[in-house]
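Visitor: give me a model of this one.
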Amino acid sequence: MKLVLWPWFLLFFTLVTSSWSLSSDGQALLALSRNLTLPSSIRSNWSASDATPCTWYGVGCNVRNRVISLDLTSSGVSGSLGPEVCRLKYLQILSLSGNNISGSIPPELGNLKRFSWLSLYINSLSGTIPEELFKNQFLEQVYLHSNQLSGSIPFSVGEMTNLKSLWLHENMLSGALPASIGNCTKLEELYLLNNQLSGSLPETLSEIKGLRVFDASYNSFTGEITFSFENCKLENFSLSFNYIKGEIPSWLGNCRSLIELGLVNNSLSGKIPTSLGLLSNLTYLILSQNYLSGPIPPEIGNCQLLQWLELDANQLEGTIPKELANLGNLKKLFLFDNRLSGTLP
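Guide: Got it, this is the predicted structure:
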């Protein structure tokens, strides 16, 4: 009798121990999948009978079989992202973009000490950005755009001192841009467009010496442009459709890499700086719907890569400069609703 029972016991023991053998990272992923709804094709691939999850769809591991990346971009994932994600202690990259994930961003993400890349854009995430998330000083890339996030940008944004890219556009964020953003001195890309942000832009932006892209269009920012970049690296600078007043800063002439300058529909006044003529890479110069006065600087004719020039709906006066004839690549030119005289060269 004992000899008959022994094989059945051995089989039972093997099945039990095989389920016990799944690594802690694999167990964390299975726990995560209870709220994060995976398509059947992925769910069937995430097997509890495996020793590690390193062959699972979307999962990447290091040489020690610890999970360092989870990439389920555009994979038909829905549901919500739970706190179980913080059990992946070695996680560096989390990319769940282009899905239908709802609910809030778990604050526990801020506890991951190796975390450098967070990509959650194009989902249905709501609620506020957790203060704890932006306290993670290891984060370098944060992509949260095209969701339904609300509330303010956490002041803790300044603690992400290794941050290079921050994409927050196309949400419902409100309030001011925190002055602590100036602590993100490695920041290269800052996208804030299409939100409900307000207040003055902080002067501390001057501390971000390597900023290449700053787009805060379609918000409710007010005040003057008080920040400046002496050794400017900007390639795209857009504050269109806000309530910015004062003059266009002359330091923009230092931005020799600038390709696009957009300041449409603000309350800017004064003259167009002649220093803009130094921008040899400028392709789009869009300054319409302001209160700019004085003549069109003939120096604009030096911007020979210019394709799009919008100066309409201002208070410009004088003769249209003949130097505009030097703009051989120009495709769009809007000068109407001004006080200009003469003919186009």
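Visitor: when you work out contacts or count neighbours from here on, use the C-alpha atoms and nothing else.
Guide: OK.
Visitor: mind listing what the helix or strand where L316 lies pairs with, with the direction of each?
Guide: Here L316 sits within strand 315-319, counting by DSSP states H and E. As defined by DSSP bridges, the strand partners of strand 315-319 come to strand 291-294 (parallel), strand 339-341 (parallel).
Visitor: tell me the most buried of these?
Guide: A comparison of the strands paired with strand 315-319 by mean neighbour count, using mean count of other C-alpha atoms under 10 Å, puts strand 291-294 on top with a mean of 20.
Visitor: re the thing from before, what's whichever helix or strand comes after the strand holding L316 packed up against?
Guide: Sequence order places strand 332-334 as the next helix or strand after strand 315-319, per DSSP H and E. Here strand 332-334 touches strand 308-310, going by 3 or more C-alpha pairs under 8 Å, 6 or more residues apart in numbering; DSSP states H and E.
Visitor: which strands or helices does the strand it packs on pack on?
Guide: Checking 3+ C-alpha pairs under 8 Å, 6+ apart, strand 308-310 ends up next to strand 284-286, strand 332-334.
Visitor: pick the most deeply packed of those strands.
Guide: On a mean-neighbour basis (criterion: mean count of other C-alpha under 10 Å), the most buried of the helices and strands packed on strand 308-310 is strand 284-286, at a mean of 21.
Visitor: let me see the mean pLDDT of the strand holding L316.
Guide: The average pLDDT within strand 315-319 is 97.
Visitor: got the buried residues for that strand?
Guide: Buried residues in strand 315-319, counted by 16 or more other C-alpha atoms under 10 Å: 315-316.
Visitor: residues contacting the nearest residue to N326 once chain neighbours are set aside?
Guide: Excluding the flanking residues, the one nearest N326 by C-alpha to C-alpha, 6 or more residues apart in numbering is G301, at 5.5 Å. Contact partners of G301, counting by C-alpha atoms under 8 Å, 6 or more residues apart in numbering, are 277, 323-327.
Visitor: quick one: which of those residues is nearest S44?
Guide: Nearest to S44, judged by C-alpha to C-alpha, of those is L327 at 59.9 Å.
Visitor: including mean pLDDT and distance to A313, could the strands paired with strand 315-319 go into TSV?
Guide: Listed next are the strands paired with strand 315-319 as TSV, based on pLDDT from 0 to 100; distance: least, C-alpha to C-alpha, whole Å:
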stretch	mean pLDDT	distance to A313
strand 291-294	98	8
strand 339-341	95	10
